[in-house]
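[1] Here is my input; please provide its structure:
(one chain, ligands or ions: 2)
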Amino acid sequence: MGNRLTREDAVEAGRVTPAVIGWLQRALRHEFAAARQFTLQAVVAGRLGDAALAAECERGAQDELLHARRFALELVEASAPLGDGAPLNLPVGATVMEILENARATEAQAVRLYREGARASRGLGRAQRLFEQIGAEEALHWEELNRRLR
Ligand SMILES: [Fe+2]
Ligand SMILES: [Fe+2]
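    Ligands and ions are numbered 1, 2, ... in the order given. Presented below is the predicted three-dimensional model:
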């Protein structure tokens, strides 16, 4: 308990700003939405008989959960609330094509969101790196899906 930072301390220490806290909360919300979407897509893909796509969606869901944990850790360490927005429901899709297109849209959204997050946290070191690193992973996710859809 003793050496835990308050949110004010974290802001004062130059670790976060109120704006960056907002971007981290948005990022966390997006990651959970993506994990939910990909988990449901894995179920639908399995039902469609596409076991390879189901496995891919399942792996994707795990990746996004790891991202969620990293954003959550950053918020918790800054003693910031984890967010109070309603959870997002991203579309699942009923065909292989719809699944791929919806997933690609989610990755594109993540890339844009974390680019903004990185811009807002410029000069903060750790938060900026987090947005840049996860943004780069989302760009790879997007490229993979884009290849499949070409
Ligand atoms: Fe992610
Ligand atoms: Fe992703």
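[2] How about the residue of the chain found nearest ligand 1, nearest residue that isn't a chain neighbour?
    Taking CB to the ion, ligand 1 has its nearest neighbour within the chain at residue 67, 3.5 Å off. To be clear about C-beta, it is placed using only N, CA and C from the backbone, and glycine gets the same treatment. Distances taken as CB to CB, 6 or more residues apart in numbering put residue 31 closest to residue 67, at 4.5 Å, once the chain neighbours are dropped.
[3] Near that neighbour, how many other residues are there?
    Other residues lying near residue 31 total 25 when counted by other CB atoms under 10 Å.
[4] so it makes contact with residue 61?
    No: Residue 31 lies out of contact with residue 61 (CB atoms under 8 Å); the separation is 10.3 Å.
[5] what's the host helix or strand of the residue nearest to residue 67 packed up against?
    Taking DSSP states H and E as the criterion, residue 31 maps to helix 18-47. Applying 3 or more CB pairs under 8 Å, 6 or more residues apart in numbering; DSSP states H and E, we find helix 18-47 packed against helix 51-77, helix 96-120, helix 126-149.
[6] quick one, what contacts the residue of the chain closest to ligand 1?
    Residues counted as contacts of residue 67 (CB atoms under 8 Å, 6 or more residues apart in numbering) are 27, 31, 34, 134, 137.
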